[in-house]
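1. Okay, here's the prediction I keep looking at, along with the sequence it came from:
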Amino acid sequence: LNSTFAGDGCIGSGAVVLNAAFEGGGWSVGEGAVVVGVQGGFVVPPHVVAQQVRLRDGRHVLLAHALSDDPFEGDTCMGEAWPVFLARCGITADELWGSEELSQEARSQIDGSQ
């Protein structure tokens with residue numbers, strides 16, 4: 001809906017694409033994905049929500065999570081437990097959020113130290 005598609009790409013079955021502009025070669029939207037405002041040539045995996053937003057200072061950020069994640073109260077990221085996701089990406093919670101930003105409760109949920 002209200003989107004443009006150019007170049008060599010594909011959209012999977014059941015995907016929803018809103019206010020987006022895909023261009024170039026190799027872009028794709030996986031089966032069952034939900035895409036909002038994405039501009040450029042991204043690969044969005046199946047069953048992932050991807051939303052690109054513009055910050056006040058003009059920079060753009062891409063927010064992504066699995067459809068199965070609860071971004072407000074869940075203990076998963078991209079369908080994996082936080083410790084697994086962080087290890088796979090090779091980062092720590094402190095690198096992602098900064099040590100001052102995490103409460104002890106949030107830290108125990110993310111690193112698995114209940």
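-> Arrived safely, thanks for sending.
2. which residues in the protein form strands?
-> Along the chain, counting by DSSP state E, strands occupy 4-5, 8-11, 16-18, 21-22, 25-29, 34-36, 39-40, 43-44, 48-54, 60-66, 76-77, 80-81.
3. Need the per-residue pLDDT for the spatially closest residue to Glu80 that is not a sequence neighbour.
-> Spatial nearest neighbour of Glu80, excluding adjacent residues (CB to CB, 6 or more residues apart in numbering): Arg88 at 7.0 Å. Using the backbone N, CA and C atoms, a C-beta is placed for each residue, glycine as well. Looking at Arg88, its pLDDT stands at 94.
4. nearest residue to Gly9 other than its sequence neighbours?
-> Nearest in space to Gly9, with sequence neighbours left out and distances taken as CB to CB, 6+ apart, is Trp27 at 3.8 Å.
5. quick one on the thing from earlier: could you export the strands of the chain as TSV, including mean pLDDT and mean neighbour count?
-> Formatted as TSV, the strands of the chain follow (pLDDT from 0 to 100; neighbours: other CB atoms under 10 Å):
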stretch	mean pLDDT	mean neighbour count
strand 4-5	96	12
strand 8-11	96	15
strand 16-18	98	16
strand 21-22	96	19
strand 25-29	95	17
strand 34-36	98	19
strand 39-40	93	14
strand 43-44	96	18
strand 48-54	96	17
strand 60-66	94	15
strand 76-77	90	18
strand 80-81	91	14
